[in-house]
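Trainee: Generate coordinates for the sequence data below:
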Amino acid sequence: MKLLQALFFPPEQPGGVSSMIPYLQERFTPPRWEMDLFSIPKRVRSKGSGTITFQTFDWTEYAASPIVQKYVQTYLDYIWWTKLRIDQRYDLIHSHHPIVGMAMKDVFPDIPVVQTVHSSYERELILNGRIKEGGPEHKFLVSIYKELEHRTDRLLTVSYSFRDYMAPYVDRPEDIRVIPNGYDEKRFKPVAHENKVAQLVTVCRLVPAKGLDILLKACAKLKQSDVPFVLHIIGDGPIRPELEALAQSLGIYEETIFYGYTLHPEEFMPFFDIFVLPSRAEAFGSVFAEAALCCLALIGSDVGGIPEQIENGVNGLLVPPEDPASLAAALEQLIIDPDFRYTLARSASEQAKSKYSLNRAVHELKKLYLEYQ
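Mentor: A predicted model of the protein is given here:
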């Protein structure tokens, strides 16, 4: 069976897709399986042209928005790039971005397309202050879900929480299949270590949706209570200057290290003690599974797909979103009680190995793909 994994940006870009897709090829081996990866380079801009028609809604109602215009142009660019670069036949295409799935169906209408929706672009834009909830951009982007349902052969997502999120925007939510991302355990190697001062780490894009302002405020409360820590922030993004300024104003800049973008944070994540990410929204939160496989204690906000990975008090701690005091209390609990921290970390690692292994994901995907043979 000849398969195409169709991505948006190249697989080395950070995020949930890059945590699984590049590692699938070695598990889909000839002669029964043959798999290629495809994506669009970031440099391809404003190449595509033509008329776009969505089958389930009139997108031109929202055409005045620059964000909608850019989305549609990117869609045209992906069609252009696909026609330019793909000259062979596939038995099935697995798309990992809404633009990609629709473009693939435009170019190859007779090939089955399975579509995984990994995250909510509209929620990210709302939380990052770029669009308004209920505004034209929001209405356009949530309309895409029904368009995907209508055009593609199967809709998938990565968490039950996100399936519930998508439900109001599609006709048959019960048909959306949930397959969480899988992780290659060989990439994650826990390291026995003893840090005299607790090392906190977070890995994410530096945008408001990730709640790092809440984390910095919680850490300021730790310092006020004379609880020692070092906070490592791995990632980059548009609000990095604001976060650095906030750390300075809160008096915790000396305790905070901003690394910027790092391609393989899992290589040194095992040397930290606590992974913490107080997101305001999260479809799944792949980085929690990755941190668990590094045998770190987990703290996350009780939103989206995070509670599907963290059972409070069993393999990590859940805190309410937008609540620096609760987050500070959870951090302090794990900092001052290493035995509890290690217990949570071991439990998190065992659960991640059983529920989020790459073998499990591969098994589920193979069964799905064979339905279209």
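Trainee: show me where the stretch 1-150 of the chain has strands.
Mentor: When secondary structure is read from DSSP state E, counting those that start in this stretch, the stretch 1-150 of the chain shows strands at 2-6, 34-38, 92-95, 113-117.
Trainee: Make a markdown table out of the ones you listed and add mean neighbour count and mean pLDDT.
Mentor: C-betas here are computed from N, CA, C, even on glycine. Compiled in a markdown table, the strands of the stretch 1-150 of the chain are given as follows (neighbours: other CB atoms under 10 Å; pLDDT from 0 to 100):
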| stretch | mean neighbour count | mean pLDDT |
| --- | --- | --- |
| strand 2-6 | 22 | 97 |
| strand 34-38 | 17 | 95 |
| strand 92-95 | 24 | 98 |
| strand 113-117 | 25 | 97 |
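Trainee: Make TSV out of these and add distance to Glu133.
Mentor: Formatted as TSV, the entries for the strands of the stretch 1-150 of the chain read as follows, by distance: least, CB to CB, whole Å:
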stretch	distance to Glu133
strand 2-6	30
strand 34-38	34
strand 92-95	27
strand 113-117	19
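Trainee: Between the ones you listed, which one is closest to Gly260.
Mentor: Counting by CB to CB, Gly260 lies closest to strand 34-38 out of these; the figure is 26.4 Å.
Trainee: Given the closest one, what are its sheet partners and their directions?
Mentor: When sheet partners are counted by DSSP bridges, strand 34-38 sits next to strand 2-6 (parallel).
Trainee: Between strand 113-117 and the partner strand, find me the angle.
Mentor: Compare the direction of strand 2-6 with that of strand 113-117 by axes from the mean of the first three to the mean of the last three CA atoms, to 10 degrees and you get 30 degrees.
Trainee: Strand 2-6: how far from the chain's middle?
Mentor: If you compare the mean C-alpha spot of strand 2-6 with that of the full chain, they lie 21 Å apart, counting by CA atoms, centre = their mean, to the nearest Å.
Trainee: residue ranges of the helices in the stretch 151-300 of the chain, please?
Mentor: For the stretch 151-300 of the chain, helices defined by DSSP state H, counting those that start in this stretch occupy the ranges 160-166, 212-224, 240-249, 286-293.
Trainee: For the shortest one, list every residue counted as buried.
Mentor: Of the residues in helix 160-166, Ser161, Phe162, Arg163, Tyr165, Met166 count as buried by neighbour count, 16 or more other CB atoms under 10 Å.
Trainee: what does stretch 74-89 give?
Mentor: Neighbour counts using 16+ other CB under 10 Å place Thr74, Tyr75, Leu76, Asp77, Tyr78, Ile79, Trp80, Trp81, Thr82, Ile86 of stretch 74-89 among the buried residues.
Trainee: now do stretch 188-196
Mentor: Phe188.
Trainee: Mind listing residues that contact it?
Mentor: Outside of stretch 188-196, the residues that reach it under the criterion CB atoms under 8 Å, 6 or more residues apart in numbering are Glu266, Pro270, Phe271, Phe272, Asp273, Glu290, Leu293, Cys294, Cys295, Ser349.
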